[in-house]
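Enquirer: give the three-dimensional model of this entry:
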Amino acid sequence: MNQPLDITLMVIIILLLVLIIVLAIIAGLVFINYLKGQNTKAEKQTIEKTIDPVSAPGTGICKNHENQHSVGICAICEEEFCVNCLKQIDKVNLCPEHFNTFADNIWHPITNQRTTPDEPEHGVYIYKFKQHLWKDKGVPSYIINEYKIQVENDHIETYVQLHVKEGDRDTLTKQIEEFKGNLRDDK
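Expert: The predicted model follows:
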């Protein structure tokens, strides 16, 4: 007489155990997916932190992906790109198109202009010349800023270096001096 009640109770207990196991598996899968999402976020944040914040306004839209915010600009074309497009090599951020341009050439600095907090304008001509080279002539170049801390003066010096392809070095070295002189004459 107690057997049907005992069997029913055992079936209910087994069903509850199965339900608990299924819920535990679902919870485990949800947790694993959550951790995967956290790793993806951490990877993107790491990439974003390596991108120069001066050149990464983060307010634009990726040139290649209109639904993605930009995280920086290409050092050569100065277009904005998302974290999936922008690649970094030798501390230089590059778009997919100019990554190969960079990798396939030997580059040389043709300037090493010192600027200080008191004289930040001393390097402006380099940025203007770089823009002129790209926009007017389609000549690739990029700028790297080297920073040195002057402990005795308690300020940071910036050295603005314009890098050009090896074959363009001599010509562009002369042109940038003329460009700098013309900017001085215009003032």
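Enquirer: this structure: strands as residue ranges?
Expert: With DSSP state E as the criterion, the chain has strands at 72-73, 80-81, 87-89, 92-94, 107-109, 113-115, 141-150, 155-165.
Enquirer: most packed of the ones you listed?
Expert: Across those, the average number of neighbours (mean count of other CB atoms under 10 Å) peaks for strand 80-81, which reaches a mean of 26. Just so you know, the C-beta spots here come from the backbone N, C-alpha and C atoms, and that holds for glycine as well.
Enquirer: now that one: average pLDDT?
Expert: Strand 80-81 shows a mean pLDDT of 94.
Enquirer: which neighbours does that strand have in its sheet, and in what orientation?
Expert: Neighbouring strands of strand 80-81 in its sheet, by DSSP bridges, are strand 72-73 (antiparallel).
Enquirer: mean confidence for the strand it pairs with?
Expert: 93.
Enquirer: can you check stretch 166-186 too?
Expert: For stretch 166-186, mean pLDDT rounds to 89.
Enquirer: ok, now which ones touch Thr101?
Expert: Counting by CB atoms under 8 Å, 6 or more residues apart in numbering, Thr101 touches 76, 94, 140.
Enquirer: Gly181: which of these is nearest?
Expert: Pro140 (23.8 Å; CB to CB).
Enquirer: name the nearest of the contacts of Thr101 relative to Leu23.
Expert: Leu94 (48.6 Å).
Enquirer: give me the beta-bridge partners of that closest one?
Expert: Lys87.
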